[in-house]
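Asks: sequence and computational prediction follow.
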Amino acid sequence: MIRSAVIRRGLGATFAPLLAWLLAACVFQSYQPAPVDRDGMAAEHEAHDPGDEMIREFRRQRGAEPASWPPARWSFDDLVWLAWYGHPDLVAARSHARVGEAGIAVASRRLNPSLRFTPEHHRDRDPGQQPWGLSLDLDVPVVTADKRAIVREQAELGAQIAQIDVAQTAWQVRSRLRARYVDWVDAQRELGSFDDEVRLREEVTALMDRRVELGHAAVADALQDRLRLGEARIAQAQARARVVEARGQLAEASGISRERFDALELVAAWPGEQPIGVPVSVEPAGRVGPERVAAGPRFVATEPKIAWALLDPREMRRRVALNRLDIERALVTYAGGEAALRLEVARQYPDLTLRPGYHFEPADTVWAVGLAMLLPVLDRNEAGIAQAEARRQALADDVRALQARAIAGAQTAAARFRQAQDERDRAARQREITGSQLARVERRFERGQADRRELVLSRLDNLLATRRERIAMLGRERAIGQLEDAVQRPVNG
């Protein structure tokens with residue numbers, strides 16, 4: 001009986017601290033549901049205010065604080081910052097980047113030990129002995145060959161890829177916004193052109209009707225003028241509808257509701273004629289912190305007249321290599337392939353399991369320390385290493401192919417820009433010729449050597465030449481946009 005009491009006290013002294021430690025360690029988090037509130041999301045989108053002071057602070061922290069807030073007239077640059085602050089696509093990309101950041105903590109976790117608790121009942125025992133025994137075994141995993149550090153490095157590279165995706169999304173948001181802004185500016189100028197044409201053709205028609213009344217022209221000639229006037233009015237109505245549609249698409253690209261956007265007064269100038277900012281490529285090394293994830297890409301001022309510098313093939317290749325975020329992403333992915341190969345090489349060395357144990361038997365107590373490991377006899381992970389090497393080579397070839405496609409695309413975009421620039425120059429020269437002709441007709445009209453109809457028709461010719469120049473400018477602006485997408489950096493014309 002005395003031995004039984006001593007044994008019970010020994011068991012209590014042994015297991016009570018262990019039980020207390022286990023209870024203290026097992027503090028679990030509870031699940032918190034977060035259902036998607038679609039109505040709330042829609043209301044939040046509608047309530048997004050372009051003049052919010054948080055947007056001003058967002059710009060100030062990045063060295064782009066506007067002179068006045070909110071802007072009296074919103075430029076393309078202002079709309080870009082507005083979209084970079086709260087566009088739904090960027091909000092989603094930043095959330096995914098936070099997932100990648102959380103993955104670093106997951107990869108840094110230590111493996112938990114396992115505990116085996118085995119009661120035993122002995123039928124054959126000496127008189128007076130307890131029939132029950134107890135085995136307590138602890139398995140402590142030991143990761144060898146620096147595998148945990150490699151797994152953490154893979155998670156950090158994954159987080160960096162997610163951060164690059166944020167910058168890539170920011171560029172895509174800007175690219176779409178620029179295309180919509182160009183369409184809106186063109187629609188505005190097209191409507192103004194057709195307004196002027198309708199006014200001039202109404203004057204031409206009235207003059208022709210007067211000549212018909214006086215018997216100086218045939219009715220058929222007046223009918224032709226009326227047909228052209230009708231065509232101009234149809235085009236005017238279509239242009240007015242296009243302005244409404246283009247403004248709606250611009251509001252969508254800006255990331256705010258149409259009602260809020262309609263209250264903004266915009267600068268009706270081509271983006272290439274306005275100062276702009278540029279996202280800097282994400283650094284290829286270094287840990288991505290949560291503050292970087294929340295901030296998104298950084299920005300600096302764009303270089304002047306960069307479009308012309310890009311026409312040099314050597315400069316083009318340099319810009320593509322330095323600025324393309326998809327190439328940057330491919331390089332980080334290749335670094336992940338390198339880490340995966342190092343991990344497969346490290347897996348040649350088996351992990352260990354330390355197994356300390358305590359065994360209480362009716363006649364004795366036993367302390368034991370064991371060691372377990374896989375024996376690398378039949379498999380030394382040759383297949384895993386070979387596969388990782390092949391994957392690394394494939395990733396390197398992906399980088400080479402992507403860079404070749406990017407350079408070829410940039411060269412094509414530069415050729416389109418040169419062609420569009422030549423077309424704009426020819427249209428500008430033609431407009432200058434018609435402008436000179438109009439000036440001569442106006443002087444003749446002032447001297448009484450030309451009638452009112454000749455003057456109005458000359459103004460129509462000049463208007464049509466101006467319209468052709470506008471169409472050429474539209475092609476040039478779109479070519480600049482393609483050149484920007486090719487090097488993923490804003491350019492000035």
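Replies: Now that the structure is in, tell me what you want to look at.
Asks: may I see the buried residues of whichever strand or helix holds residue 250?
Replies: Taking DSSP states H and E as the criterion, residue 250 maps to helix 219-254. Across helix 219-254, burial judged by 16 or more other CB atoms under 10 Å covers 222, 225, 229, 232, 235-236, 239, 242-243, 246-247, 249-254. (Each C-beta comes from the backbone N, C-alpha and C, glycine too.)
Asks: now do that helix: which elements does it pack against?
Replies: Counting contacts by 3 or more CB pairs under 8 Å, 6 or more residues apart in numbering; DSSP states H and E, helix 219-254 is packed against helix 76-86, helix 147-213, helix 258-262.
Asks: ok and the host helix or strand of residue 484 relative to helix 147-213, angle-wise?
Replies: Assigned by DSSP H and E, residue 484 belongs to helix 452-487. Orientation note: helix 452-487 sits at an angle of 170 degrees relative to helix 147-213 (axes from the mean of the first three to the mean of the last three CA atoms, to 10 degrees).
Asks: my guess is residue 359 meets residue 116, correct?
Replies: No: with contacts counted by CB atoms under 8 Å, residue 359 stays clear of residue 116, the gap being 11.2 Å.
Asks: so how far is residue 45 from residue 39?
Replies: 11 Å (CB to CB, to the nearest Å).
Asks: swap in residue 395?
Replies: Distance from residue 395 to residue 45, counting by CB to CB: 39 Å.
Asks: neighbour count winner among the two?
Replies: In this view residue 395 and residue 45 are compared by other CB atoms under 10 Å, and residue 395 has more residues nearby, 19 against 14.
Asks: for the helix or strand containing that one, packing partners?
Replies: Using DSSP H and E, the element containing residue 395 is helix 382-446. Judged by 3+ CB pairs under 8 Å, 6+ apart, helix 382-446 is in contact with helix 313-323, helix 325-346, helix 452-487.
Asks: and those helices: which comes nearest residue 27?
Replies: helix 325-346 (32.0 Å; CB to CB).
Asks: using PDB, write out every CA atom in the following helix or strand past that closest one.
Replies: Next helix or strand after helix 325-346 toward the C-terminus (DSSP H and E): strand 352-360. Output of strand 352-360 as PDB, limited to C-alpha atoms (Å, rounded to 0.1, in the frame of the first residue of the first chain):
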ATOM      1  CA  LEU A 352      14.600  13.200 -37.600                       C
ATOM      2  CA  THR A 353      12.100  12.400 -34.800                       C
ATOM      3  CA  LEU A 354      13.300  12.500 -31.200                       C
ATOM      4  CA  ARG A 355      11.200  10.100 -29.100                       C
ATOM      5  CA  PRO A 356      11.600  10.600 -25.300                       C
ATOM      6  CA  GLY A 357       9.300   8.400 -23.300                       C
ATOM      7  CA  TYR A 358       8.200   7.400 -19.800                       C
ATOM      8  CA  HIS A 359       6.800   3.900 -19.100                       C
ATOM      9  CA  PHE A 360       5.300   3.000 -15.800                       C
END
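Asks: burial count for residue 156?
Replies: The number of residues packed around residue 156, counting by other CB under 10 Å, is 24.
Asks: wait, it touches residue 104, no?
Replies: Yes: the pair residue 156 / residue 104 is scored as a contact, 5.6 Å apart, by CB under 8 Å.
Asks: mind checking the SS state of residue 118?
Replies: Following DSSP: H, G, I helix; E, B strand; the rest coil, residue 118 is assigned to strand.
Asks: dihedrals phi and psi, the nearest residue to it once chain neighbours are set aside?
Replies: Distances taken as CB to CB, 6 or more residues apart in numbering place residue 135 nearest to residue 118, at 4.1 Å, with adjacent residues excluded. Reported as degrees, to the nearest 10, the phi and psi values for residue 135 are phi -120, psi 130.
Asks: isn't residue 135 up against residue 355?
Replies: No: here residue 135 does not reach residue 355: they are 11.7 Å apart, not a contact under CB under 8 Å.
Asks: next, residue 72: secondary structure please.
Replies: Residue 72 - assigned by three-state DSSP - is coil.
Asks: list the contacts for it?
Replies: Taking CB atoms under 8 Å, 6 or more residues apart in numbering, we find residue 72 in contact with residue 265.
Asks: so how far is residue 365 from the residue located most distally from the centre of the chain?
Replies: Distance from the C-alpha centroid of the chain, by CA atoms, centre = their mean, peaks at residue 127 (79.0 Å). Separation of residue 127 from residue 365 (CB to CB): 20 Å.
Asks: run a quick neighbour tally on residue 408.
Replies: 12.
Asks: can you pull the pLDDT of it?
Replies: Per-residue confidence for residue 408 comes out at a pLDDT of 92.
Asks: cool, residue 313 as well?
Replies: The model's pLDDT for residue 313 equals 78.
Asks: ok, residue 36 next?
Replies: pLDDT, residue 36: 84.
Asks: which element, helix or strand, includes it?
Replies: Per DSSP H and E, there is no helix or strand for residue 36.
Asks: and it, how many neighbours does it have?
Replies: With other CB under 10 Å as criterion, residue 36 counts 6.
Asks: that one and residue 450, how far apart?
Replies: Residue 36 is 71 Å from residue 450, by CB to CB.
Asks: nearest to residue 410, out of the helices and strands packed on helix 382-446?
Replies: Among these, helix 452-487 sits nearest to residue 410 (CB to CB), with 3.8 Å.
Asks: which of the residues in the closest one are buried?
Replies: For helix 452-487, by 16+ other CB under 10 Å, it's 453, 455-463, 465-487.
Asks: how far off centre is it?
Replies: Offset of helix 452-487 from its chain centre (CA atoms, centre = their mean, to the nearest Å): 33 Å.
Asks: that helix relative to helix 219-254, how many degrees between them?
Replies: 30 degrees.
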